[in-house]
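Student: 3D, please:
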Amino acid sequence: MPNAFVHLDRDSLTITVEFDKEESLVIKKDDLNMSFFSRGAGGQNVNRHMNGVRLIYRIPEQYIIPEKEVFELLTSSIASRSREANMTLAFTQLAEKLENYFYVHKPRKKTKVPKKAKEKRLKDKKKRSQLKDSRQQLPLDL
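Tutor: Next up is the predicted model:
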């Protein structure tokens with residue numbers, strides 16, 4: 001599965017994950033397990049209003065990457081006092097997690113150390129060795 005491009009539409013709270021020109025995954029508000037909670041500082045207001053948002057997204061089977069061993073993504077937000085702001089922030093966090101989930105690292109190309117670099121390293125080692133040799137005390141029985 002190649003790298004995915006994740007687009008977040010903050011107005012309609014939808015996330016689009018584009019894999020290829022033909023294939024894309026659209027995540028809507030209804031596709032998520034959404035719950036609200038209250039926690040943290042705020043005194044009595046926290047007890048009256050449940051403004052914290054928790055989103056759980058179960059990744060469809062055809063999009064699961066077996067090496068990552070992750071089947072659902074969880075985000076939560078209590079940063080703001082309004083439920084709408086927390087919902088937007090939670091969707092932004094979910095988009096970031098989806099981008100990290102579908103990112104595929106490029107394989108590293110093995111390269112050789114250039115001949116000039118080897119020569120320079122050996123020359124520097126020789127120079128350092130001579131410097132250390134010159135610091136040794138001469139024997140006193142001359």
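Student: and the strands in the protein?
Tutor: Using DSSP state E, the strands of the chain run over 5-9, 14-18, 24-27, 33-37, 52-58, 72-77.
Student: of those strands, which shows the lowest average pLDDT?
Tutor: If the strands of the chain are sorted by mean pLDDT, strand 5-9 sits at the bottom with a mean of 75.
Student: ok, back up a step: of all the strands of the chain, which one comes closest to K127?
Tutor: The closest of the strands of the chain to K127 is strand 5-9. By C-beta to C-beta, the value is 51.3 Å. For every residue, glycine as well, the C-beta is placed using N, CA and C.
Student: could you export the closest one as CSV, CA atoms only?
Tutor: Taking C-alpha atoms only, strand 5-9 is exported to CSV below (Å, rounded to 0.1, in the frame of the first residue of the first chain):
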residue,chain,number,x,y,z
PHE,A,5,-2.5,11.8,1.6
VAL,A,6,-4.9,12.9,4.3
HIS,A,7,-7.2,15.8,3.9
LEU,A,8,-9.3,17.2,6.7
ASP,A,9,-12.5,19.2,6.0
